[in-house]
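Student: sequence isn't available, so here's the structure alone:
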């Protein structure tokens, strides 16, 4: 099988990367006026001020937008896009988690093309007409991307900093949708990650590992050597360094390892795409308002168990990367069970609570709407190793 390996978004990584980014904005990209985008949590942690100091040290004019909301709702994207357009900002610097980076991407679309972000959503036309949402991903989208976006993640999980798309909440249809906008530069600076709370540290790391491991076992990804090599390394890194980051939040080595693992995991998912684990995590978000990374920590174990019969060799690599010694005669089912058990042990070790601890019962989990919502994105379901996705019975078992 012949396949192409690409990396469209350059990544500036290491301690002090934010200061280098500011210098590049001025000297390489010839920027004069910057819109800095962040939420209240980033502001309270003092992270936005660090970025602003680096930008102002380069004599760049800065405007600030600090009203980012969780899951990037369309009305926030439209508001920010309009402000950028009206104030003639010639760069966007987004500082935060996936919601902030996605909000900035959507705002870049609006500021470059005018109108509303709903005009540029990939799946929305099919959802309104009752057509196949997968067709939206196969269409060439020609809207402009005029304003350079610098993506600075303050969590290590979503990989949004190198993704060519953003996830926007269509509040009219009450569903997530996709828009296309490519960052000019991603910045991974561990100095911005030390204030991340333990719960967010743990759950975003599981999100990154889910990107890597689901793409390793997808019908596309398991055929690509890069995914196997990267995915195994990412798994090993998370298992080794996540407990350190939770116990020692200011450990810059641990923070940098998890940050780079997150970016590489996004490369995996761009290459092979996630599958049923992410679908199930999205359903938990829709129905119980649970953070995406937390959902991934719950759905990754059963997703890999379900994938194991169709991707045994990939799951074998996952188990070995988890630190387990194998005899060599394990069945695919046994490999899946071992991998799932190791995920759950790690989740418990780093303090991720169970659904029961959060007051959500098994009966609530298998309600019809919860199961129905797992099947909303058929395009992603088809990336499951059997090429068909899972049955309702398997979804209920998850």
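Tutor: Structure received. Small disclaimer: the values here were computed from a predicted structure and weren't measured. Residues are numbered from 1 along each chain as shown.
Student: which stretches of the stretch 1-150 of the chain have low pLDDT?
Tutor: In the predicted model, the stretch 1-150 of the chain carries pLDDT under 70 at residues 1, 3, 5, 133-140.
Student: all helices for it, in order.
Tutor: Applying DSSP state H, counting those that start in this stretch to the stretch 1-150 of the chain gives helices spanning 17-27, 40-44, 47-57, 74-86, 98-113, 124-129, 134-137.
Student: do the same with the stretch 251-398 of the chain
Tutor: With DSSP H, counting those that start in this stretch as the criterion, the stretch 251-398 of the chain has helices spanning 252-272, 276-288, 292-307, 312-321, 332-349, 362-365, 368-374, 378-381, 392-397.
Student: picking up where we left off before, format the helices of the stretch 1-150 of the chain as TSV; extra columns: distance to residue 185.
Tutor: C-beta: built from backbone N, CA, C; applies to glycine. Output for those, formatted as TSV (distance: least, Cβ to Cβ, whole Å):
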stretch	distance to residue 185
helix 17-27	7
helix 40-44	19
helix 47-57	13
helix 74-86	18
helix 98-113	12
helix 124-129	29
helix 134-137	25
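Student: which residues in the stretch 101-250 of the chain form strands?
Tutor: Using DSSP state E, counting those that start in this stretch, the strands of the stretch 101-250 of the chain run over residues 149-153, 165-170, 175-180, 185-188.
Student: deepest-packed of these, please.
Tutor: Across these, the average number of neighbours (mean count of other Cβ atoms under 10 Å) peaks for strand 149-153, which reaches a mean of 28.
Student: deepest in the core, which of the helices of the stretch 1-150 of the chain is it.
Tutor: Buried most deeply of these, by mean count of other Cβ under 10 Å, is helix 98-113, with a mean of 28.
Student: tell me how far it is from the chain's mean position?
Tutor: 15 Å (Cα atoms, centre = their mean, to the nearest Å).
Student: likewise stretch 116-136?
Tutor: 21 Å.
Student: and what of stretch 334-354?
Tutor: Computed by Cα atoms, centre = their mean, the chain-centroid distance of stretch 334-354 equals 20 Å.
Student: repeat for stretch 65-73
Tutor: 16 Å.
Student: likewise stretch 57-65?
Tutor: Computed by Cα atoms, centre = their mean, the chain-centroid distance of stretch 57-65 equals 27 Å.
Student: now swap in stretch 263-273 and tell me
Tutor: So, by Cα atoms, centre = their mean, the centroid of stretch 263-273 is 10 Å from its chain's centroid.
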